[in-house]
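Q: pasted the sequence and its predicted model underneath.
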Amino acid sequence: MSYQPRIIGFLCNWCSYAGADMAGTSRMSYPPNIRIIRVPCTGRLDPLFVAKAFQEGADGVLVAGCHPGDCHYAEGNYHARRRYALLHLLLEFLGIEPERIRLEWVSASEGKRFTQLVTDFTEQVARLGPCQAVGGQS
Amino acid sequence: MDLSQAIRDKARELLETGAVKCVIGYETGTDGINARPAFIYEAAEVDRLIFDETCGHNLATYLLHHRAENIAVVVKPCDSRAINLLHGEHQIERDKVYIIGVVCPGVVGRQWGVKGRQLLPACQACTDRNPVVYDYLVGEPVAEGAPAPAPPLPEVEDLERMPPEERCQFWRREFERCIRCYACRQACPGCQCTECFVERLEPEWVGIRIDAPQNWMWHTIRAFHLAGRCIECQACRRACPVDIRLDLLNHKLAWEVAQLFNFRPGMTAEALFPLATFVRDEKLGVGEWASS
Amino acid sequence: MSASSYAYYPGCALQGTAREYDVSTRQVCRRLDIELQELKEWACCGASSAHSLDRRLAVALPARELAIAEATGLPLVVACAMCYSRLRFAAHELEDEAKLREISSLIERECKNTTQVWHLLQVLDARDIPIARPLRGLRVACYYGCLLVRPTDITHFDDEDNPQVMDGLMHRAGAETVEWAFKTECCGAGMPFARRDIVLKLSHRILAQARGAGADCLAVACPMCHSNLDMQQLNMKSVFKDDFQIPVLYFTQLLGLALGFSPKELHINKHFVDAMPLLRGKGLA
Amino acid sequence: MARIGVFICHCGSNIAGTVDIPRVVAEAQKLPMVVHAEDNEYTCSEVGQRSLREAIQEHRLNRVVIGACSPRMHENTFRNTVASAGLNPYLLEMANLREHASWVHGDQREAATVKAIDLIRAAVAKVARAQPLFARQIGVTKRALVIGGGIAGIQCALDIANAGFEVVLVERTPSIGGRMAQLDKTFPTLDCSACILTPKMVEVGQHPRIRLLTYAEVKEVRGFVGNFEADILQKARHVDHDKCLGCGICWQKCPARAPSEFDMGVGQRTAIYIPFAQAVPGKPVIDREHCRYQQYLEWQRAGAEGKKPPECRICEKLCPVGAIDWEQRDEMITEEFGAIVVATGYKTFDHSVYGEYGGGRYPDVITSLQLERLMSASGPTLGEVTRPSDGQPPKTVVFISCVGSRDDSVGRPYCSKVCCMYLAKQSIMLKEHDPEVQSYIFYIDIRAGGKNYEEFVRRAQEEAGTVYIRGRVSKTYPEKGKLIVWGEDSLMGRPVQIAADLVVLATGIEPSEGAIELAQTLHISYDVHSFLVEAHPKLRPVETMTDGVFLAGTAMGPMDIPDSVAQGSAAAAKVCGLLSKDTLALEPMVANVNAVKCVGCLLCQQVCPFKAIDTETLRDGRIVVRINEGLCKGCGLCVSACRPGAMNLRGFSNEQLLAQVKALTR
């Protein structure tokens, strides 16, 4: 079997998790690699969970939340955007290809967008191969 | 007047009047060359105090261990930014701290055998010569333009140019050496936690084993916890017994924070930490994927 | 704006039909210790036609002048309202970096778009003016025209409906100014050959309003306005049977008078409607 | 020791058709702490739920994982099920095998099965670290605060009070009534505005359960739903309203004059005044800025230099009951409330940016609200419309619509919604006042969506002969006693010129002064134009994102009187629903602090969108944070900001998320 990347998806409960549900309800299809973890808000997710996922052996991490302005908690995704902008640069500097990390906005009605995003991202990570950056056995 | 003498005079006055219980400054170490921190409680002891280019330590860190009493501390410009950082993060009470600021000529690394004269690379590039906050200033203030972030260190730029695999090999070589002594953390004024995440079993952010992935995790979290807060005093680098290039990691993030948010930590105590706020329609290069 | 030396871009009109504007400008500036360094090799700013023919040319022409001025390191002052408009417009367009690169290569000159462009009114407004002969009893209608004030976010000049800069200068010169509503109405601008009927109608309306407001004369800052309002009075006489005989002067000429120059030194005797009887009547000549 | 039960749902063939259920069950059984695993045809069915309850009891399960559909679908169902079996409802975790596996990987049985096993493993890891959570009950203060005494606030206060709850109505000006009180007639019925409004104002003033605080402002609000505490500033009136009879001798004799705010500056009032004759309360206040005695005192304080102002005090001498009280000071009143309604209304756009209309430059260019005062029988001209410049009745009137509406260039892209209608009304009323009046209305579009609105505009055109010109005005200037208005008739494609006696600007609606400060202390959001934002534009139109705070009327956007009244009543219904409860259950999945680890950097306080974090000083002097569970919504921003790991989120703890990450990357 060809290389199957291991992808973790952190989705906010209100928009993106519902968007992923929407993809399911609409019987859309995307690659099976992604494993979804539900969080209340992208602002809840300490970016270090993303770093931790890589250290534990993930090949790609997707974080998705409500579009700017739509956060259920009004401001969570704005804070997330700043934190992830920095984390992105840090991990890239440490040698993790920036293409392995995505912060995106998916609304509850965007099942199609979610499907496209996951497909796109899975292919992108698959092309990069296993993530070697952290190194050694864990 | 000689900087050392000025510090001694001020320290004597502060101790004699009872304004402070202790003056934290520098004294000549046992090797007769390198300075070390000195904690002066008696006016009679002030002559131990010195200031020269080996006075590298960031003494602001020690304020974290002396929160209850009135303390005077000798700070260089970068250390003075640490004071603002601590003040802004409510770690010190400003009126309990008497700040003796020193106009900084730059400092050298640890000297072996004889005193060298080669300033640290960070000091060579540094443009901040005057402390940003002080109660008493030692030395003549230098005329400065608007404070600008130092350009990225050439070594940081070299690393940025490398392909990701090379860069990650570089860091693997660095982190492999780490013996997890946490001296970097102890030296850092930004590390204030009563219990560090690294020493916690649940949630276990970093495994107890000392190996490449766990070391990677430790240094990643340490760097991120200091993102937007590190004032680049080089204390961690100086403290590291295996000479890990923590300065490059810190500098990269400081540079990016300056670029993204136009922010330099510690310039004032009131400035809002960039990760504590946001701008609604800012573009930061994340979350901008447009599906076809 | 406190500098005393300026790069000076006269523009074509001030070399021809508006000689008197150039002459009076130089006189006034000399008296006020404002050094004007005429731009070397200055050329057309593109006014009145380039922007209706070619958008790139409309920026490139004034950009060339901006680049030349930039090399002097001095702020740039212009008297002609048309030139002012085109230069400000170009500076605005060049704020876009891609545009700046494109235009720089087109004019084969390095341009960083750092030149400050000022109209003479703004420069004089910030100076002390030692009045030698107050224009007492002279009632002036200040006419700004359209190009100085519009569009406001490009020209950054003054209130677009009721500008005050020239009125303020005239007050300082000792004159009265009339309150009227046509300070920035269109005079017909560049149409006197193609559609003289329009120019006559519009300019006539302006003069009628000025007269109705009780003005003895008009003060202007634009060569085009001047020629429409001054020269066309003869034609208005035949078309509208309305003989205004109301002198139209450049504000620099009136200011020059107040500074003590003779009408001749300011070329006040060069207009179609003779201003001398009015000035003599007021004891100003 | 955790004893976890795993229940895999077939969901008919929805999951079982793709996922190899027996394999998932077999794998689940191997997981640590799992003591029982089974599969059900439909776990959510009565049979499935019974099986779940029985298994909990039989295997003494203390944690449950259900592999089925999305938790957004059935989490509540299963929480109730496990609760009925005696388990804490938060010791349940769902793995989304349907929406996230079988439905999206229908053609990949192996991959979907592997994924299902992973998801079960993560859910087991998470639930093993779950803590029992308990919804805390809090009491409800059965009183409401209504901020703003316009028609929306009046309606709201009356409805709440009539339902049996106490209300405090706070109004900034000396009288309630708001904008509606300023209007002459209302569209499209041409009811006299005061005639339909004043009975309601009187009812408010006399209602046994309404406490009216006029000339007062809400300065600060603390607390949370059911338990608010508000600081209300009662400004000094210098008139003791307990003594005052409202006889009016003082304001009839006061010699000082000031422009009347109520009359929009076209009339005058005295320094001791009631804003209008039907004001509620009908008792005056003294405006310190214009009062002669206050000016005298100010002159004395400043060192008694220059001309001595008269020592007046006429009101004091004439007052039959001695109600004038020069010693009165501003006073802060602190009260407790269970719910708050914000009905702070609007002000009109400052038209001075439109130099071409000549407002402010020419006296006969007025605003529509000023015309309203001139038309009102209780207005400064007693209903006779005259020109401000010379007092002559205008014969030709030009109305300009959309002054500060639908114009991006002045930062007002929105439609103010009421202007088209009131312009029609004003043109009809002018015709009724004086049949010789000819009105012209420059408009962009005529927006007359509403019951009998379109008909009303037709009436203006057909009966009142109002000429509608589609286009904008480019210039207004005076000539020979007239105002010449230049405009464009964009339907005819030609310029028009009208010599008018009066020009009326239909200034748009924008939020009242101070709306942002109020929104900030209430912690409710506002949009780029400072209008307050409702919780959901369709489904929660009078609620805010802060529980217990509601909105009514034009504070949230332009609307007309019937909409404002409807919103006042809607907000009242929401308030009554809240106040009818004795206790409220708080969301248990909120943040909590471990004070031992907190270093007091207060970053959490800065990021919290709900002001739910307070500080407390421990006995050792350390300052640490504390969660206000009434305000916390459980977003977790503070948790991810907390470096020392002192902050955690119940139900989504760091331990749980980390366990999930490890389980999924194994």
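A: Yep, that arrived.

Q: drop to CA atoms for contacts and neighbour counts, all remaining ones
A: OK.

Q: roughly how far apart are the nearest residue to D:L579 once chain neighbours are set aside and D:A339?
A: Computed as CA to CA, 6 or more residues apart in numbering or on different chains, the closest residue to D:L579 that is not its neighbour in sequence is D:K142, at 5.3 Å. D:K142 sits 8 Å away from D:A339, going by CA to CA, to the nearest Å.

Q: same check, this time on D:G282
A: D:G282 is 28 Å from D:A339, by CA to CA.

Q: between those two, which has more neighbouring residues?
A: D:A339 (29 against 22; other CA atoms under 10 Å in any protein chain shown).

Q: ok, B:R245 - contacts?
A: Neighbouring residues of B:R245 by CA atoms under 8 Å, 6 or more residues apart in numbering or on different chains: B:E174, B:R237.

Q: what is the neighbour count of D:A37?
A: 21.

Q: what of A:C41?
A: Neighbour tally, A:C41, other CA under 10 Å: 28.

Q: pretty sure it contacts A:N77?
A: Yes. Using CA atoms under 8 Å, A:C41 is in contact with A:N77, at 7.3 Å.

Q: intersection of neighbour lists for those two?
A: With CA under 8 Å, 6+ apart, A:C41 and A:N77 have common neighbours A:G65, A:C71.

Q: ends of stretch B:257-273, how far apart?
A: Across stretch B:257-273, first to last residue, CA to CA, it's 10 Å.

Q: how about stretch D:321-336?
A: So stretch D:321-336: terminal residues 33 Å apart, CA to CA.

Q: what comes into contact with that stretch?
A: Contacts of stretch D:321-336 (CA under 8 Å, 6+ apart): D:141, D:143, D:227-241, D:243-245, D:315-316.

Q: repeat that for 7 Å
A: Stretch D:321-336 has contacts (CA atoms under 7 Å, 6 or more residues apart in numbering or on different chains) with D:141, D:227-236, D:238-240, D:243-244, D:316.

Q: ok, now stretch C:131-142?
A: Looking at what lies outside stretch C:131-142 - CA under 7 Å, 6+ apart - the contacts are C:166-167, C:173-178, C:183, C:210, C:215-220, C:257-260, C:282, C:284.

Q: for that stretch, output the C-alpha coordinates as CSV.
A: Written as CSV, here are the backbone C-alpha positions of stretch C:131-142 (Å, rounded to 0.1, in the frame of the first residue of the first chain):
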residue,chain,number,x,y,z
ILE,C,131,2.3,94.7,4.5
ALA,C,132,3.5,98.0,3.2
ARG,C,133,0.3,99.2,1.6
PRO,C,134,-2.9,97.7,3.0
LEU,C,135,-5.5,97.2,0.3
ARG,C,136,-8.0,99.2,2.3
GLY,C,137,-11.5,99.4,0.8
LEU,C,138,-10.9,96.8,-1.9
ARG,C,139,-13.6,94.2,-2.0
VAL,C,140,-12.2,91.0,-3.5
ALA,C,141,-14.1,87.8,-4.5
CYS,C,142,-11.6,85.0,-4.1
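
Q: what residues sit buried inside that stretch?
A: Buried residues in stretch C:131-142, counting neighbours by 16 or more other CA atoms under 10 Å in any protein chain shown, are found at C:I131, C:R133, C:P134, C:L135, C:L138, C:R139, C:V140, C:A141, C:C142.

Q: and if you look at stretch D:558-565?
A: D:P558, D:M559, D:D560, D:I561, D:S564, D:V565.

Q: do the same with stretch B:283-292
A: Applying 16+ other CA under 10 Å to stretch B:283-292 flags B:V286, B:G287 as buried.

Q: quick revisit: pLDDT, distance to B:R209 and secondary structure added to the buried residues of stretch D:558-565, as JSON lines?
A: Below are these laid out as JSON lines (pLDDT from 0 to 100; distance: CA to CA, whole Å; DSSP: H, G, I helix; E, B strand; the rest coil):
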{"residue": "D:P558", "pLDDT": "97", "distance to B:R209": "64", "secondary structure": "coil"}
{"residue": "D:M559", "pLDDT": "97", "distance to B:R209": "66", "secondary structure": "coil"}
{"residue": "D:D560", "pLDDT": "96", "distance to B:R209": "69", "secondary structure": "coil"}
{"residue": "D:I561", "pLDDT": "97", "distance to B:R209": "71", "secondary structure": "helix"}
{"residue": "D:S564", "pLDDT": "98", "distance to B:R209": "66", "secondary structure": "helix"}
{"residue": "D:V565", "pLDDT": "98", "distance to B:R209": "68", "secondary structure": "helix"}
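
Q: can I have the buried ones of the contacts of stretch D:321-336 as a PyMOL selection?
A: In PyMOL, this line selects whichever of the contacts of stretch D:321-336 come out buried by 16+ other CA under 10 Å:
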select buried, chain D and resi 141+227+228+229+230+231+232+233+234+235+236+238+239+240+244+316
